[in-house]
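Colleague: With the sequence up front, the predicted model follows.
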There are 4 protein chains.
Amino acid sequence: MDNTNKYTTKIRIRYNEVDKMGVVHHCRYFVFFEIGRTDLLRQSGFTYKEFEDKNLFLPIINVSCSFKYPIKYDDIILVETTMDKMTSVKIEHSYTVWNHDKTVLHATAKTTLACVNRNGEIQKIPCFLHNLIGSQRNLSN
Amino acid sequence: MDNTNKYTTKIRIRYNEVDKMGVVHHCRYFVFFEIGRTDLLRQSGFTYKEFEDKNLFLPIINVSCSFKYPIKYDDIILVETTMDKMTSVKIEHSYTVWNHDKTVLHATAKTTLACVNRNGEIQKIPCFLHNLIGSQRNLSN
Amino acid sequence: MDNTNKYTTKIRIRYNEVDKMGVVHHCRYFVFFEIGRTDLLRQSGFTYKEFEDKNLFLPIINVSCSFKYPIKYDDIILVETTMDKMTSVKIEHSYTVWNHDKTVLHATAKTTLACVNRNGEIQKIPCFLHNLIGSQRNLSN
Amino acid sequence: MDNTNKYTTKIRIRYNEVDKMGVVHHCRYFVFFEIGRTDLLRQSGFTYKEFEDKNLFLPIINVSCSFKYPIKYDDIILVETTMDKMTSVKIEHSYTVWNHDKTVLHATAKTTLACVNRNGEIQKIPCFLHNLIGSQRNLSN
């Protein structure tokens, strides 16, 4: 349904994700974005688990998020994840979080990942990842 | 030790805060910042709990964070929280996360809070909060 | 597929649910059981959210869990939730956690819930809940 | 103050630890117990971190917990951790969670840990751990 740069993940809010205010705690959004990135990768036929099995990791080095409208317990949300740019060592994603029928915008966000090995040393993003997401290349100019 | 605009919180990293990579998961930093903000308020003689007891809440509306160097299990970190600005409806904080002796910078971040009631409607930040943090005013021009 | 006393929930393990040992942190299992209970209730045509909207809550008063075999990142697990007993004020569930094809048993557990109002005062479990799960009655003798 | 078998940890409840009901989510208690065990070990001059650095791990194989009275946001709780028994491959602890002045009992719990290596294979608990907690021995017979 989505192209290889974009994926929409549907998530139902768990009880423990909601705080005393009755809304999803802001730190949880970053878990949703992580699920979104993982699903985006998975649709290209590769998993992040396999990536780590090769002793490569993609830690977050930068995030920003704007919270527009609170999410409640048991809500179904849509997390749209887009890969915006892949350079030789970094990957940038953006995210839009909608309610179930896309009539309410809950949040927008951006993250930057670096590619490192187990010792935290910067690594070139391997070719297979560039190839998997070939249509990305022209975005990364 | 700190003035009313700034506070340093010491936190020991818990086992469950560290992920598969062996480092603190990025979503946890936002919990540390929340503890920092709470401690900053507490030193002024007021607690966030009392604030919510008055049916006022300070949800996050914007965050950004730059992750510089990973934090490991059992590390002791220092979270320096500074209130940068308080307007009639918003509060801006910045954060610096150091290792125990301030020789390693782990992260820097900024957040913006809005003041709302239980229904999520924007409220004026009450006078007592402005007064508590009087020296803030000249920052908020 | 399941009867009204039993439900199987499929869950994919999230990155942040795995700890430094590379396995799901034990505290996370209780989140899975909560999802299992919620799904069991949902299949009877009622949601836990509606329950709380009536100012009724079902906090946990007792848990026990036996961890048999570790669960890893990206694993798909099956959480079988069974309602074993419903008395006038308590509900007992048991849980079995399997791997995706039920060849590996990950954990077994039991929980007891009490019915309370917002002030934490014990309440009789309402008739509609007993009725929804009618076949339960003969178990609760 | 405590002997080598027992330790009391003081913990202030964080905002994100409290759920929609306004009380600490039950899964969080297991994090408190983990902090209690870690602190108990630390007072004997050894850290769990050093233990894992030796490629030894102490995963939980059994827990039970009885929740007596809810804990609220910003509460200070006392977690009393006692090591009850150490055999050649297992360690049993019990826990009592009190409010700040020990007038309210929040919870009691028990856990059993096994000693394993990184591959999850059962290992004998090393002598140094038995020695550290020498007075334990007569409890384990």
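Modeller: Ah, there it is. Model, not experiment: these values are computed from the prediction.
Colleague: roughly how far apart are the spatially most central residue of chain A and residue A:82?
Modeller: Centroid check for chain A by Cα atoms, centre = their mean gives residue A:37 as the closest residue, at 3.0 Å. Distance of residue A:37 to residue A:82, given as Cβ to Cβ, to the nearest Å: 10 Å. Where C-beta positions appear, they are placed from N, C-alpha and C, glycine not excepted.
Colleague: circling back: the helix or strand where the residue nearest to the centre of chain A lies near chain C at all?
Modeller: Using DSSP states H and E, residue A:37 falls within helix A:29-43. Yes: Helix A:29-43 reaches chain C (Cβ under 8 Å from any Cβ of the partner chain) through A:31, A:34, A:35, A:38.
Colleague: Let me know the secondary structure of the closest residue to the first one other than its chain neighbours.
Modeller: The one in question is residue A:31. Distances taken as Cβ to Cβ, 6 or more residues apart in numbering or on different chains place residue C:16 nearest to residue A:31, at 5.3 Å, with adjacent residues excluded. Under DSSP: H, G, I helix; E, B strand; the rest coil, the three-state class of residue C:16 is helix.
Colleague: about what we covered before: can you add neighbour count and give the residues of helix A:29-43 next to chain C back as a markdown table?
Modeller: Converted to a markdown table, these look like this (neighbours: other Cβ atoms under 10 Å in any protein chain shown):
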| residue | neighbour count |
| --- | --- |
| A:31 | 20 |
| A:34 | 22 |
| A:35 | 17 |
| A:38 | 21 |
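Colleague: Now list whatever residues contact both of residue A:37 and residue A:82.
Modeller: residue A:93 (Cβ atoms under 8 Å, 6 or more residues apart in numbering or on different chains).
Colleague: thinking again about what came up before, the residue nearest to the centre of chain A reaches residue A:80, doesn't it?
Modeller: No: applying Cβ atoms under 8 Å, one finds residue A:37 not in contact with residue A:80, separated by 11.6 Å.
Colleague: okay but the residue nearest to residue A:31 is in contact with residue B:18, surely?
Modeller: No: assessed by Cβ under 8 Å, residue C:16 is found out of contact with residue B:18, at 10.5 Å.
Colleague: shared neighbours, those two?
Modeller: Joint contacts of residue C:16 and residue B:18 (Cβ under 8 Å, 6+ apart) are residue B:25.
Colleague: Please, where are all the strands along chain A?
Modeller: A:6-12, A:60-67, A:76-86, A:90-99, A:105-114 (DSSP state E).
Colleague: How about residues contacting the fourth one?
Modeller: Think strand A:90-99. Here strand A:90-99 has contacts from A:29, A:32-33, A:36-37, A:40, A:58, A:61, A:71, A:75-86, A:104-115, A:125, using Cβ under 8 Å, 6+ apart.
Colleague: Between strand A:105-114 and it, find me the angle.
Modeller: 170 degrees (axes from the mean of the first three to the mean of the last three Cα atoms, to 10 degrees).
Colleague: Going by neighbour count, list what's buried in strand A:90-99.
Modeller: Applying a neighbour-count criterion of 16 or more other Cβ atoms under 10 Å in any protein chain shown, one finds A:90, A:91, A:92, A:93, A:94, A:95, A:96, A:97, A:98, A:99 buried in strand A:90-99.
Colleague: distance of the fourth one from residue C:109?
Modeller: Read that as residue A:93. 36 Å.
Colleague: Likewise for the last one?
Modeller: The spacing between residue A:99 and residue C:109, counted by Cβ to Cβ, is 33 Å.
Colleague: got the strands of chain A as a markdown table, with mean pLDDT columns?
Modeller: Listed next are these as a markdown table, based on pLDDT from 0 to 100:
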| stretch | mean pLDDT |
| --- | --- |
| strand A:6-12 | 97 |
| strand A:60-67 | 98 |
| strand A:76-86 | 96 |
| strand A:90-99 | 97 |
| strand A:105-114 | 98 |
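Colleague: closest to residue D:12 out of the ones you listed?
Modeller: strand A:60-67 (25.4 Å; Cβ to Cβ).
Colleague: which bits of chain A sit near chain B?
Modeller: A:20-21, A:23, A:26-28, A:30-31, A:34, A:52, A:57, A:59-67, A:70, A:120.
Colleague: one more time with 10 Å, if that's ok
Modeller: Residues of chain A lying near chain B by Cβ under 10 Å from any Cβ of the partner chain: A:19-23, A:25-34, A:49, A:52, A:57-70, A:107, A:109-112, A:114, A:116, A:118, A:120.
Colleague: Tell me the residues of chain A that contact chain C?
Modeller: A:12-17, A:22, A:27-28, A:30-32, A:34-35, A:37-39, A:42, A:47-50, A:52, A:72-75.
Colleague: before we move on, the earlier item: now, of the contacts of strand A:90-99, which are buried?
Modeller: A:29, A:32-33, A:36-37, A:40, A:58, A:61, A:71, A:75, A:77-83, A:86, A:106-107, A:109-115, A:125.
Colleague: how much space between residue A:120 and chain C?
Modeller: 15 Å (Cβ to the nearest Cβ, to the nearest Å).
Colleague: Likewise for residue A:97?
Modeller: Applying Cβ to the nearest Cβ to residue A:97 and chain C gives a distance of 16 Å.
Colleague: swap in residue A:68?
Modeller: From residue A:68 to chain C the distance is 22 Å (Cβ to the nearest Cβ).
Colleague: partner residues bridging residue A:122?
Modeller: residue A:116 (DSSP bridges).
Colleague: surely it meets residue A:116?
Modeller: Yes: if you go by Cβ atoms under 10 Å, residue A:122 and residue A:116 touch, sitting 5.8 Å apart.
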